Every structure is written in structure tokens, then in C-alpha cells.
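Student: Structure for this input, please:
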Amino acid sequence: MNRRSFVKNLAVACGAARLGAATVGASTAPVRQADVSAARIPRWRGFNLQGRFAMPGKPSPGRAFDEFDFATMAEWGFDFARLPLNYWNWGDRNDWSVIREDPLKEIDRAVDLGRQYGIHVNICFHRCPGYCINGRELEQADLFTGTAAQRQRAQDATIFHWKAFARRYKGIPNRQVSFDLVNEPPKMRSYEGYLEERYVEIVKAVVAAIREVDPNRLIFADGINIGQAPVMGIADLGLVQSTRGYLPKAVSHYTASWVPKDEFESFDTPVWPMKDDQGQLWDKARLRREYIDTYQPLVRKGVQVHVGEWGVLNKTPHAAALAWMEDSLSLWKEAGWGFALWNLRGQFGVLDSGREDVAYEDYKGHKLDRRMLDLLRAN
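Tutor: Just a heads-up that it's a prediction; the model follows:
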């Protein structure tokens, strides 16, 4: 990607920003109440809304994001929608200087739907130039483990895209929009501390670039090790850290083909509480150690924590799923952490999950898991 292409497309991005301000900002009425900052966020609770932006190249009718989802979340009392986005939708994996306007209008629409229904929209790069937790080898250069030149090229491209978003949504209050920089940095083995060092470099560079454009934008950064561990090296940047609620994988991802086998504690049919293949007990006390205690050094520094993804795949028996979810939710409620279930509709969700052991209730033409919904609403 040469400098001429970057400058040319930067002008396109600036034009997109002005258009975004006209389409999104103009519809956002001035708000008198104080805005949100990373020093104290609401206990936002909600869902990830994948739309068609997490998995591009799969045509389907209608808009990328459905008003039904926002209306339903608001009706049930939820107020947070995380959008896991893939830059391939508005960009080009072979030319990182490309930013196309029409796909960004779909994100504008999601932001505006959030405003209409009182739902905070967290814009996440699930795939950024040079990295994705799934299929990272599909990128032309690796953001974390490429050569020095490749890492820098991917970092520059990630900054380029994030600055375009910063321009586009500048002026929209943090109560309505936040950014989540890089979804689930790589899993680290004991000897791979350099991955955390590299992640800190990336976060510092991207945050600085966003704040050049929009100094007050609320920014989330995922934990290291697939989002599961706190990152102390960015604790002083004024960010929210986004964690995960997927432990043990033997319960949350039972039969999931995309999870490496060495991440499963057991392959037995899940129950809760459970013993793993080493005879170690997993129960609420263990979840407290894994989820809450792990993050206390960060919390003591005043950093806010939010559970950006969690849930149970539909192959886990429903009774075990609900028991595990109840323990997880009660711990996060006690800690004051909000959460976003991976699906509203789909295999991890409360609607149309395809579980074979649930007595579904009809809800506006969808199959509702009422027991799971009630559990979420109560916590």
C-alpha cells in the first residue's frame, strides 16, 4: 500500500465522515446529561448482533442489521449491542487502502437504530487488516507475528480504517457509540509473552490515532489470550477492558469444531458443576477465580471491565447451560460488570437457537427460550 493510495483514500474517508455526520449525527438530538467516560460506564447488558458483517460474501435479503433486533432488545430491557465487524465488507483484503461508502451506511443505520431504541452500539473490528482470531492466515500480512515490515504495514492499515470510523462518528456521544479495537488477540503459551508486548504496541498506536481525530471517544480493548486475560500494559490509557465468559470451554463450546482441541477441559457431555479430565472441579468458586480474581489487579487501578462475549453453544444440555449461566451472571452482577451474549438470534441465543431440549415459546414468529431470557433479565 503506497503513500499515494493512502492519501487518496484518506480523502475518501474524510468525505465519508462528512456524509456520516449528515446521516447519523444530524439525526442525533443534543443531549443535556453528562456523557459516559471510561472512568465509569453503565452496567450495559445486551447481545452481539452479527448482522451480515461478521461473515461477508454470504448474500441474504434485507438490510445488514434488523430493526427487529433493536426493538426486541429494548422491549426486554437491554441496552447494549456489540457489532462484530469484518473490514472485508467495506474494504478489500488485497488492498488495505480501500474504503467503500455503501457498506458503511449499514453501520450508520445500526448506530441510528441504537439511538432510536436507547441501545449503546459498540463497534468492534472482529477482523482488522492483518488479524482475525479465525482464519488469520487469510490476511496478506500478520499484525502480530509477521516480519517487522509486515507488522507495521498491518498496523498502519488498521489505524487507517479506525481513523475513518473516528471521523465518521465524531460528535456522537459515548452513551451511544464506542469502539472495540481488536477482537480476541492471540492465545498465548507460557513462552509467548512477546504477543502481549506486541498487543500493547498495537493498542497504544491505534488509541493515539483515534484520539487525534476524536479525543474523547470511549474505547474498549479486549483482553489478551483470546480476550480472557487482563492487559496491565494499557491500564493507564483510559480504556474499558473487554473480557470473555466462555470458561470452561467444555461447557460453553461443547462439539464446536472451530475451537482447537487443546482448549477443551473435557469432551464428556457437559454437566454443571463438572470435573475436567484432570479431575479438577469446575464450579462457581472456580469461575470466581477464573473470571473475577484474575481481573482484580486491573480493577484496583480503576479500570472498568465488560464481558464482551459469552454464552453456550446449543449442543450443551439445556439444564447444564442454564446452571452455568446462572453462576456466571451472578458473579458479574456482584462485580458490577455488564455483558453481551454472543447471539440474540442463533446457536448461542435466546431466539431460534436450535436446541433440541427446549420447550420454545412463540415470539413474533421466532422460537423463544423463555427460561434463558428470564435468567438474563434477572441479572
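Student: shaky segments in the stretch 201-350 of the chain?
Tutor: Applying pLDDT under 70 to the stretch 201-350 of the chain flags no residue at all.
Student: Ignore what I typed, I meant the stretch 51-200 of the chain.
Tutor: The stretch 51-200 of the chain contains residues with pLDDT under 70 at 57-61, 190-191.
Student: hey, where'd the helices end up in it?
Tutor: Ranges of helices within the stretch 51-200 of the chain are 67-76, 101-117, 148-169, 193-213, based on DSSP state H, counting those that start in this stretch.
Student: got a list of what His126 touches?
Tutor: Residues counted as contacts of His126 (Cβ atoms under 8 Å, 6 or more residues apart in numbering) are Ala54, Pro84, Leu85, Asn86, Cys132, Ile133, Asn183. The way it works is simple: take the backbone N, C-alpha and C, and place the C-beta from them, glycine included.
Student: Isn't the fifth one up against Pro185?
Tutor: No - using Cβ atoms under 8 Å, Cys132 is not in contact with Pro185; the gap is 10.9 Å.
Student: So for these two, which residue has more residues nearby?
Tutor: Counted by other Cβ atoms under 10 Å, Cys132 and Pro185 do not tie: Pro185 has more neighbours, with 28 against 22.
Student: ok now do that one, which residues does it touch?
Tutor: Tyr131, Phe144, Leu195, Glu196, Tyr199, Asp222, Gly223, Ile224, Asn225, Ile226, Gly227.
Student: Surely Leu313 and Ala256 touch.
Tutor: Yes - Leu313 is within contact range of Ala256, at 5.5 Å (criterion: Cβ under 8 Å).
Student: For the nearest residue to Ser328 once chain neighbours are set aside, the count of nearby residues, please.
Tutor: With Cβ to Cβ, 6 or more residues apart in numbering as the criterion, Ser328 has its nearest non-adjacent residue at 5.4 Å, and that residue is Gly245. Using other Cβ under 10 Å, Gly245 is surrounded by 27 other residues.
Student: and if you look at Met232?
Tutor: The number of residues near Met232, taken as other Cβ under 10 Å, comes to 15.
Student: Equivalent analysis for the one 5 residues further on, please.
Tutor: Leu237 is surrounded by 17 other residues when neighbours are defined as other Cβ under 10 Å.
Student: Now it: phi and psi?
Tutor: When quoted as degrees, to the nearest 10, the phi and psi of Leu237 stand at phi -90, psi 0.
Student: That one against Val200, yeah?
Tutor: No - contact status for Leu237 versus Val200: not in contact, 9.4 Å apart, counting by Cβ under 8 Å.
Student: Mind checking which of Leu313 and Ala256 has more residues around it?
Tutor: Per other Cβ under 10 Å, whichever of Leu313 and Ala256 has more neighbours is Leu313, with 22 against 15.
Student: quick one: which helix or strand includes that one?
Tutor: Leu313 belongs to no helix or strand when elements are defined using DSSP states H and E.
Student: which residues sit in contact with it?
Tutor: Ser252, His253, Tyr254, Thr255, Ala256, Gln347, Phe348.
Student: just the strands in the chain please.
Tutor: 45-48, 80-86, 120-128, 131-132, 177-180, 219-222, 240-245, 274-275, 281-282, 305-310, 338-341, 361-363, 366-368 (DSSP state E).
Student: so can I have a markdown table of the ones you listed showing distance to Asp95?
Tutor: Output for the strands of the chain, formatted as a markdown table (distance: least, Cβ to Cβ, whole Å):
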| stretch | distance to Asp95 |
| --- | --- |
| strand 45-48 | 28 |
| strand 80-86 | 16 |
| strand 120-128 | 15 |
| strand 131-132 | 17 |
| strand 177-180 | 23 |
| strand 219-222 | 26 |
| strand 240-245 | 29 |
| strand 274-275 | 48 |
| strand 281-282 | 46 |
| strand 305-310 | 30 |
| strand 338-341 | 32 |
| strand 361-363 | 43 |
| strand 366-368 | 39 |
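Student: so which of those comes closest to Glu67?
Tutor: Closest approach to Glu67 among these is made by strand 80-86 (11.9 Å; Cβ to Cβ).
Student: neighbours around the nearest residue to Asp236 once chain neighbours are set aside, how many?
Tutor: Distance criterion Cβ to Cβ, 6+ apart; nearest residue to Asp236, sequence neighbours excluded, is Lys301 at 7.7 Å. For Lys301, the count of nearby residues is 11 (other Cβ under 10 Å).
Student: Sounds good, over and out.
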